[in-house]
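Q: I would like to see how this sequence folds:
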Amino acid sequence: MTQPAQSPAEPTITERDMLGAMEVLSGASAEPTILLTLTDEEIMALDGASALELLGSPYVSQDEVDAEASAAAALRSLVARAMVFTGTEGREEEGDVLSGPGDPAQRPVQLDRRLAGVIALRRIPEGMVTSQRTLAGGTTTLAHYFYPSGGVLEEYVTIDGFHHFAVPELATVAERIRAFTDPFEVASEDGQPQALPLQEAVAALENEDTRALTVVTAVTDGASRRATVGATSQAVLVLDNGPLDREPAPTETVQVSEVSSEALRTVLDVMLPREADDEADATPEG
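A: From the prediction side, this is the model:
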């Protein structure tokens, strides 16, 4: 039986992989349905253990779970569901290698083209925003991968290690993150920004009344930054943590603001990676 994938330093992307990726992104919708659901162990089987490092692996990271054995079983399941094909008979041509080393003809398996597209898209984003939310029931993560011409892939990781993929339109992403950070819809009015030492600001967000705490991280080639959103029983507060390449000292002054739903959406929208043309389109006329 074919063994789970090892994580290459630079993954091989073929013309067929990229065609699958473009087909996935072409299905973008303002109200997307779930395109595909994979488990921790399925992603590990398809793309190696390192493919789980960024967003986490709630299931296979448990001490009592044998990750390698789980990945091997997951690969068998994918073959049985005709999402992965072994052998060489009936394979589609992979075409030229667009990036990475290796001969695609030597791949031990071939993925269903849509699945190949999703795996390729996880490998090659031009920008990314992750939102890690902690509730009383545990921690979940909502991730958005960004591509040229406004393409977006969304991945939602549940507390039990299911990865749900969808393809939202770029214009809806800020609202989707807003709803994720304010799951109880308590944001009401905009308040005056408060200048507080970082340690006091964190305490204000992580108090006994906090019902949801979300760390939003935007990573781009340019200005990567982080914000923390705390939803209490009555309000939503936003802390600007600043650039990722600079960690503020506990006594350094930072800004904390109570925000309305509209203001929260605006803050999140500003953090989204965009191409120059997309930014121009998103700028309100004044």
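Q: Paired strands for the helix or strand where Glu154 lies, with orientation please.
A: For Glu154, the host element (DSSP states H and E) is strand 151-157. The pairing partners recorded for strand 151-157 under DSSP bridges are strand 138-147 (antiparallel), strand 162-166 (antiparallel).
Q: low pLDDT regions in the stretch 1-150 of the chain?
A: 1-9 (pLDDT under 70).
Q: which residues in it form strands?
A: Applying DSSP state E, counting those that start in this stretch to the stretch 1-150 of the chain gives strands spanning 13-14, 36-39, 84-86, 97-99, 109-111, 127-135, 138-147.
Q: Now do the buried residues in stretch 193-207.
A: By 16 or more other Cβ atoms under 10 Å, the buried positions in stretch 193-207 come out as 194, 196, 198, 201-202, 204-205. C-beta here means a position set from N, CA and C on the backbone, and glycine is covered the same way.
Q: correction: stretch 142-150
A: 142-147, 150.
Q: Please apply the same query to stretch 10-20.
A: 11-14, 16-20.
Q: Turn those residues into TSV, including distance to Arg133.
A: Below are the buried residues of stretch 10-20 laid out as TSV (distance: Cβ to Cβ, whole Å):
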residue	distance to Arg133
Pro11	29
Thr12	34
Ile13	31
Thr14	35
Arg16	36
Asp17	31
Met18	32
Leu19	34
Gly20	30
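Q: rewinding a little: so which of the buried residues of stretch 193-207 are in helices?
A: Per DSSP state H, helices hold the following members of the buried residues of stretch 193-207: 198, 201-202, 204-205.
Q: Could you give the number of residues near Ala69?
A: 11 (other Cβ atoms under 10 Å).
Q: closest one to Glu262 among the strands of the stretch 1-150 of the chain?
A: strand 127-135 (18.3 Å; Cβ to Cβ).
Q: angle of that closest one against strand 151-157?
A: 30 degrees (axes from the mean of the first three to the mean of the last three Cα atoms, to 10 degrees).
Q: which secondary structure elements does strand 127-135 contact?
A: strand 138-147, helix 173-181, strand 212-219 (3 or more Cβ pairs under 8 Å, 6 or more residues apart in numbering; DSSP states H and E).
Q: can you list the ones you listed in JSON lines and add distance to Arg246?
A: As requested, the helices and strands packed on strand 127-135 are exported to JSON lines (distance: least, Cβ to Cβ, whole Å):
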{"stretch": "strand 138-147", "distance to Arg246": "23"}
{"stretch": "helix 173-181", "distance to Arg246": "23"}
{"stretch": "strand 212-219", "distance to Arg246": "14"}
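Q: Good, wrapping up.
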